[in-house]
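>>> sequence plus the predicted model coming up.
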Amino acid sequence: MANVKIVDQNNVEVGSLELASDVFGVDVRPEILNLVVRAHRASLRAGTHATKARGEVSGGGKKPWKQKGTGRARVGSTRNPVWRGGGVAFGPKPRSYDFKVNKKVRSLALKMALTSKAIGEKLTVVDKLELPEVKTKLFADVVGKLGLKKALIVVGGLDKNLALSARNLPHIKVLEADKLSVLDVLTYPELVMLTDAVKSVEERLK
């Protein structure tokens, strides 16, 4: 098991924490991370795109000209895909892009993502984050003291002051531990976890 230091919101060391090796110390396999991220992103697609085929476009009931004798190419409908105003050949139709990934694989991928942050020394553990009022400037001061540029902050339980103060900072995301995903962890270069969030994630993934 690896030990990490615990700091307060002023970036002063206040203790240390032993991380579970079966959550923050697994072998990282890029192909599994890629699979889970693709599945996550695919599930976010609406899949509502649609085009009309030649049978769905209005008009075109009458044959434009007779079959033979005009010297022109034969044609049966003005809704032919090669005509302007015609249908679309092989166009997209509403569909789901979801594909199944086993629960154990998703859990393993999250462990790998957390491990990559721990190994790369991009994981910061904070004992607690408390703001006296809803004010973005106060939270920005905390972010500055922690030296964060683009970070995901994982908390055990989200309080109102923290949630409202953080939402105006474009490169900082505050997320509850039970909503943590592989895509979130990999999107942000820096990961900050509160001590109660670390315990929550370890219990969830063990």
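Looks like it arrived, so ask away.

>>> tally of neighbours for the closest residue in space to Ala42 that isn't next to it in sequence?
Leaving aside its chain neighbours, Ala42 sits nearest to Tyr97 (4.2 Å; criterion: C-beta to C-beta, 6 or more residues apart in numbering). Backbone N, C-alpha and C define where each C-beta goes, glycine included. Tyr97 has 13 neighbouring residues, counting by other C-beta atoms under 10 Å.

>>> if I look at Tyr97, how far off is Ala46?
With distances taken as C-beta to C-beta, to the nearest Å, Tyr97 is found 9 Å from Ala46.

>>> which strand or helix spans Val143?
Using DSSP states H and E, Val143 sits in helix 136-145.

>>> I should have written Lys5 there, sorry.
Here Lys5 is assigned to strand 3-7, by DSSP H and E.

>>> and the residue sitting furthest away from the middle of the chain, its phi and psi?
Here the chain reaches farthest from its C-alpha mean at Gly69, the gap being 61.6 Å by C-alpha atoms, centre = their mean. Phi and psi for Gly69, reported as degrees, to the nearest 10, are phi 90, psi -10.

>>> His40 contacts Asp184, doesn't it?
No - checked against C-beta atoms under 8 Å, the pair His40 and Asp184 is beyond contact range at 9.2 Å.

>>> who's in contact with the residue nearest the centre of the chain?
Nearest residue to the geometric centre of the chain (C-alpha atoms, centre = their mean): Leu183, 4.2 Å. Leu183 makes contact with Val37, His40, Arg41 under the criterion C-beta atoms under 8 Å, 6 or more residues apart in numbering.

>>> any chance of those residues in JSON lines, plus distance to Glu130 and pLDDT?
What follows is the contacts of Leu183, written out as JSON lines (distance: C-beta to C-beta, whole Å; pLDDT from 0 to 100):
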{"residue": "Val37", "distance to Glu130": "33", "pLDDT": "96"}
{"residue": "His40", "distance to Glu130": "32", "pLDDT": "96"}
{"residue": "Arg41", "distance to Glu130": "35", "pLDDT": "96"}
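
>>> pull out the buried members of those.
Among the contacts of Leu183, those scoring as buried are Val37, His40 (criterion: 16 or more other C-beta atoms under 10 Å).

>>> what average pLDDT does stretch 138-153 get?
Averaging pLDDT along stretch 138-153 gives 92.

>>> what comes up buried for it?
Phe139, Ala140, Val142, Val143, Leu146, Leu148, Ala151, Leu152, Ile153.

>>> flag the shaky bits of the chain, pLDDT-wise.
1 (pLDDT under 70).

>>> tell me how far the residue lying closest to Lys128 once chain neighbours are set aside lies from Asp8.
Sequence neighbours aside, Leu194 is the residue nearest to Lys128 in space, at 6.2 Å (criterion: C-beta to C-beta, 6+ apart). Per C-beta to C-beta, Leu194 is found 11 Å from Asp8.
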